[in-house]
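Participant: Generate a structure from the sequence data that follows.
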Amino acid sequence: MEKGFFGEFGGRYVAEVLRRPLEELEAGFAEAMGDESFLAELARLQRDYIGRPTPLLHAANASKELGGAEIYVKQEGLANTGAHKINNAMGQALLAKRLGKTRIIAETGAGQHGVATAAVCARLGLECVVYMGEVDIARQRPNVYYMELYGAEVRPVSSGSRTLKDAVNEALRDWASSFPNTHYLLGSALGPAPFPDMVREFQSVIGREVDSALTERDIHADALVACVGGGSNAIGFFAPFLERSEPRLIGVEAGGRGAGEGNNAVRMTDVGKTGIAQGYKSRFLLDGDGQLLHTHSVSAGLDYPGIGPQLAHLGVSGRLEFRSALDDEALDALKFFARTEGIIFALESAHAGAQAIKLAKELGPGKTLVVNMSGRGDKDIFISAPHLAGDSWVSFLTEEVERLK
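Facilitator: Numbering: from 1, shown residues only. Next up is the predicted model:
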């Protein structure tokens, strides 16, 4: 990486008003990462508050039923607030406090980043505002409740597609006018430099723990699999392995309903185009005028039209393989791992789970793969239950509405 770029991707394409806060942030981040006292405090909070290390589970029942490679599951869903998002949220919030900031703003799609940010702000005594698209608020209402319970203000975004990309735009507008006392706690490994580096570093604790656990158990992993929206869980999971020739690294995008504009969020194919949006250069789903296209995924966290610049570079260079999973495949994977292992993947993570099922059969016996369960599926109950429980779920909701009148 050179000057915020990963090959041709990355950079800092922002209005002049944002250059100063980004330069301040870059300098503060570099200083903090060289300060043993900052790193020690972060490690203490990772242990005592987040609950690290998270387990690496041998999915023995699933592996046996599939009859292929042995599957291991990194259970980030057991971290405080239920997903990997808190690793980055805590790192950035601690840095913001070190820089004298008193107010945190964030964007969120599926809601897990918003919940994590609200939680760490409560812990560290910081004001918190979370921007969230109206579409995502409607389908992730439990997470809105949790954010507000932690004391955060959730601001609905009604512009554009009313999803994650529009929440990012609103957060950037806020930061441009409030940066003297405000830090923008961006949730994924994208945006203008230094955000991709910061998010990767704070999330790389996932990959370091996997690497250590595999070494301790004398296990050779043939492949690592993670879902990819913006890419924070994936880049953190893959980070320690990027400079090695093994294992295979596989990112899984949202195949949605299938091919066709507006039906998916698959950026790393011929459909995706290189462009500049929201402060960085990467691969995006763009129309003929260079505007971000609408996307679809059953998972609110994978329907972003762009991808983190380092992941785009790794895909173009060939170090990272990209595949996709359809909505139905993700739902089937959710059911499969719940039935065989007693763990409920978040819908985002279930896309990785769907690919792990396929890959286990492809690799065959004697091989090993690790899938990152980046979050647990509690938050998705109002999405997954109508698909999987059908009429009984609708009846329950109808009865509850009547009871609450």
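Participant: How far does whichever strand or helix holds residue 354 sit from its chain's centre?
Facilitator: Using DSSP states H and E, residue 354 maps to helix 347-363. Chain-centre distance of helix 347-363: 17 Å, with CA atoms, centre = their mean, to the nearest Å.
Participant: Show me what the mean pLDDT comes to for the next helix or strand after that helix.
Facilitator: Next helix or strand after helix 347-363 toward the C-terminus (DSSP H and E): strand 368-373. Here strand 368-373 scores 98 as its mean pLDDT.
Participant: Tell me the buried residues in strand 368-373?
Facilitator: 368, 369, 370, 371, 372, 373 (16 or more other CB atoms under 10 Å). Every C-beta, even on glycine, is put in place using the N, C-alpha and C of the backbone.
Participant: Identify, from those residues, the entry nearest to residue 214.
Facilitator: residue 370 (7.5 Å; CB to CB).
Participant: what about that closest one, distance to residue 57?
Facilitator: Separation of residue 370 from residue 57 (CB to CB, to the nearest Å) stands at 10 Å.
Participant: do the same with residue 359
Facilitator: For residue 359, the distance to residue 57 (CB to CB) stands at 17 Å.
Participant: And these two? Which one has more around it.
Facilitator: Using other CB atoms under 10 Å, the more surrounded residue of residue 359 and residue 57 is residue 359, with 24 against 17.
Participant: Please give me every residue in contact with the more buried one.
Facilitator: If a contact means CB atoms under 8 Å, 6 or more residues apart in numbering, then residue 359 has 69, 223, 225, 250, 369 as its contacts.
Participant: Just the ones in strands from these, please.
Facilitator: Judged by DSSP state E, the contacts of residue 359 include 223, 225, 250, 369 as members of strands.
Participant: Run a quick neighbour tally on residue 361.
Facilitator: By other CB under 10 Å, 12 other residues sit near residue 361.
Participant: any idea what sits nearest it, other than its immediate chain neighbours?
Facilitator: residue 68 (4.4 Å; CB to CB, 6 or more residues apart in numbering).
Participant: in terms of contact, does the one you found touch residue 362 like I think?
Facilitator: Yes. Residue 68 lies in contact with residue 362 (CB atoms under 8 Å); the separation is 7.3 Å.
Participant: in what helix or strand does the closest residue to residue 150 other than its chain neighbours lie?
Facilitator: Residue nearest to residue 150 in three dimensions, not counting chain neighbours: residue 118, with 3.8 Å by CB to CB, 6+ apart. For residue 118, the host element (DSSP H and E) is helix 112-124.
Participant: Tell me the buried residues in the helix or strand following that helix?
Facilitator: Using DSSP H and E, the next helix or strand after helix 112-124 towards the C-terminus is strand 127-133. Neighbour-count burial for strand 127-133, with 16+ other CB under 10 Å as criterion, is recorded at 128, 129, 130, 131, 132, 133.
Participant: Quick check, residue 51 in contact with residue 80.
Facilitator: Yes. When contacts are counted by CB under 8 Å, residue 51 is listed as touching residue 80 (5.4 Å).
Participant: Figure out how far stretch 127-141 is from the centre of its chain.
Facilitator: The answer for stretch 127-141 is 16 Å, by CA atoms, centre = their mean.
Participant: now the helix holding residue 354: mean pLDDT?
Facilitator: pLDDT averaged over helix 347-363 gives 98.
Participant: tilt between it and strand 368-373?
Facilitator: Interaxial angle, helix 347-363 versus strand 368-373 (axes from the mean of the first three to the mean of the last three CA atoms, to 10 degrees): 170 degrees.
Participant: can you dump the C-alpha coordinates of helix 347-363 into CSV?
Facilitator: Output of helix 347-363 as CSV, limited to C-alpha atoms (Å, rounded to 0.1, in the frame of the first residue of the first chain):
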residue,chain,number,x,y,z
LEU,A,347,-27.9,-13.7,7.5
GLU,A,348,-24.7,-11.9,6.3
SER,A,349,-22.5,-14.7,7.8
ALA,A,350,-24.9,-17.3,6.4
HIS,A,351,-23.7,-16.4,2.9
ALA,A,352,-20.3,-17.5,4.0
GLY,A,353,-21.9,-20.6,5.5
ALA,A,354,-23.6,-21.4,2.2
GLN,A,355,-20.2,-21.3,0.4
ALA,A,356,-18.6,-23.4,3.1
ILE,A,357,-21.2,-26.1,2.5
LYS,A,358,-20.3,-26.1,-1.2
LEU,A,359,-16.6,-25.9,-0.6
ALA,A,360,-16.5,-28.7,1.9
LYS,A,361,-17.9,-31.0,-0.8
GLU,A,362,-15.5,-29.6,-3.4
LEU,A,363,-12.4,-29.9,-1.3
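Participant: domains for the protein, by residue range?
Facilitator: For the chain, the structural domains run 5-47+85-199, 52-82+203-388, going by automatic domain parsing.
Participant: Kindly check the end-to-end length of the first one for me.
Facilitator: The first residue of domain 5-47+85-199 is 15 Å away from its last residue (CA to CA, to the nearest Å).
Participant: check contacts around residue 187.
Facilitator: 85, 88, 89, 106, 107, 108, 113, 116, 117, 199, 230, 232.
Participant: rerun at 7 Å
Facilitator: Residue 187 makes contact with 85, 88, 106, 107, 108, 113, 232, according to CB atoms under 7 Å, 6 or more residues apart in numbering.
Participant: and it, that's in a helix?
Facilitator: No. Secondary structure of residue 187 (DSSP: H, G, I helix; E, B strand; the rest coil): coil, not part of a helix.
Participant: Just the pLDDT at it, thanks.
Facilitator: On pLDDT, residue 187 comes in at 93.
Participant: Residue 2 now?
Facilitator: Listed pLDDT for residue 2 reads 62.
Participant: any idea where the helices of the stretch 51-200 of the chain begin and end?
Facilitator: Counting by DSSP state H, counting those that start in this stretch, the segments of the stretch 51-200 of the chain that form helices are 60-66, 85-98, 112-124, 134-139, 141-149, 164-178, 195-203.
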